[in-house]
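Engineer: Here's a sequence, model it:
(one chain, ligands or ions: 1)
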Amino acid sequence: MDHYAVIGHPVEHSKSPLIHAAFARQTGQQLEYGKVLSPLDGFAATVADLQARGYAGANVTVPFKFEAYTLADSVTERARHAGAVNTLTFRDGGILGDNTDGVGLVRDILDNQQFALAGKRILLLGAGGAAEGVLGPLLESLPARLCVANRTVDKAGAMVARAQAGGTRLDAAGFAELTGQVFDVVINATSSGLSNERLPLPAGLFADGALAYDMMYGRETPFMAFAREAGVQRVVDGLGMLVEQAAEAFFIWRQMRPATAPVMEMVRAL
Ligand code: ATR
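Structural biologist: Below you'll find the model as predicted:
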């Protein structure tokens, strides 16, 4: 039986063990997936311990995704673009690092929400780790424009400067500069929801038929409330992203793609 775990601090709240157990049941895979609380200054030792115990891989959550990137012996291109790793595969004594967050978000929007991104105007709120992790895959979906807006404008500027825009008009802004601008998709990748704080967003941000997406899940955030008050019909939280990024990790480890819809329903009902 292969063993996996999610490593974090805190980690108690993590739904990953439930999600992976559901994937395993559905696909008939024999595996065990647990939770590992790592000391804040002991991530490398925690990973080494799992390797020594013969684990096959691990997911990495807050606050270790950057350290996981440094620790991995090799990383995939999408992890390199994100500068962060959320999926470790232990193989031949080495660690392969990947990042499934961005593809999880894009798959949730395209497949589950049935919302096309090609040619659209996307506003990405935030310029921390969560935003950086999804920027590459969002650009690969070929939007007409992608604006990264952040409280600290310089961080948005630096993030945009590191990215490969392709044919997309890619720019950085502060929240105040968004006045008078209109977007088809607005994605909240700030951690402002954790502290229940409202972002200082101007009115008139959402185009007709816009999608408002909060990468947090589990409750109505001030951003989601703001979007509803602005008349947005399609307001979604990050539960689909959570399940899709897990499905991609499951695929990396087991070469099988589980159906995500029933698992989303299960997590929603918890
Ligand atoms: P994460 O890994 O969740 O992205 P992070 O790297 O600490 O965490 O980044 C947090 C993001 O949320 C940043 O974009 C931060 O803005 P700053 O770069 O200006 O700090 C944003 N953020 C957090 N709380 C916020 C708030 N109350 N208002 C606006 N932005 C906030």
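
Engineer: For S74, give me its contacts.
Structural biologist: With contacts defined as C-beta atoms under 8 Å, 6 or more residues apart in numbering, S74 is in contact with G94, I95, L96, G97. For glycine as for every other residue, the C-beta is placed from the backbone atoms N, C-alpha and C.

Engineer: which among those end up buried?
Structural biologist: The neighbour-count criterion (16 or more other C-beta atoms under 10 Å) marks I95, L96, G97 among these as buried.

Engineer: Can you name the residues bridging to the closest residue to I187 other than its chain neighbours?
Structural biologist: In space, I187 comes closest to Y213 once its chain neighbours are excluded; the distance is 4.6 Å by C-beta to C-beta, 6 or more residues apart in numbering. Residues in a beta bridge with Y213, per DSSP bridges, are I187, V236.

Engineer: Measure how buried Y213 is and give me the count.
Structural biologist: 28 (other C-beta atoms under 10 Å).

Engineer: who's in contact with it?
Structural biologist: L105, I109, V185, V186, I187, N188, V236, D237, G238.

Engineer: State the distance from it to the ligand.
Structural biologist: Using C-beta to the nearest ligand atom, to the nearest Å, we find Y213 at a distance of 15 Å from the ligand.

Engineer: In the stretch 51-200 of the chain, which residue sits closest to the ligand?
Structural biologist: G128 (1.9 Å; C-beta to the nearest ligand atom).

Engineer: secondary structure class for the nearest residue to A165 once chain neighbours are set aside?
Structural biologist: Using C-beta to C-beta, 6+ apart and skipping residues adjacent in sequence, the residue nearest A165 is L139, 6.5 Å away. At L139 the chain is in helix, as set by DSSP: H, G, I helix; E, B strand; the rest coil.

Engineer: possible to save the buried ones among the contacts of S74 as JSON lines with distance to the ligand and secondary structure?
Structural biologist: Shown next, in JSON lines, are the buried ones among the contacts of S74 (distance: C-beta to the nearest ligand atom, whole Å; DSSP: H, G, I helix; E, B strand; the rest coil):
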{"residue": "I95", "distance to the ligand": "21", "secondary structure": "strand"}
{"residue": "L96", "distance to the ligand": "22", "secondary structure": "strand"}
{"residue": "G97", "distance to the ligand": "17", "secondary structure": "strand"}
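
Engineer: Which residue, other than its chain neighbours, is closest to the residue of the stretch 51-200 of the chain closest to the ligand?
Structural biologist: Once flanking residues are discounted, G128 sits nearest to S191: 6.7 Å by C-beta to C-beta, 6+ apart.

Engineer: ok, now which ones touch the closest residue to E197 other than its chain neighbours?
Structural biologist: Distances taken as C-beta to C-beta, 6+ apart put P222 closest to E197, at 6.5 Å, once the chain neighbours are dropped. Residues near P222 by C-beta under 8 Å, 6+ apart: S192, G193, N196, E197, R198, L199.

Engineer: Most widely separated two among these?
Structural biologist: Using C-beta to C-beta, those reach their maximum pairwise distance at N196 and L199, which is 11.6 Å.
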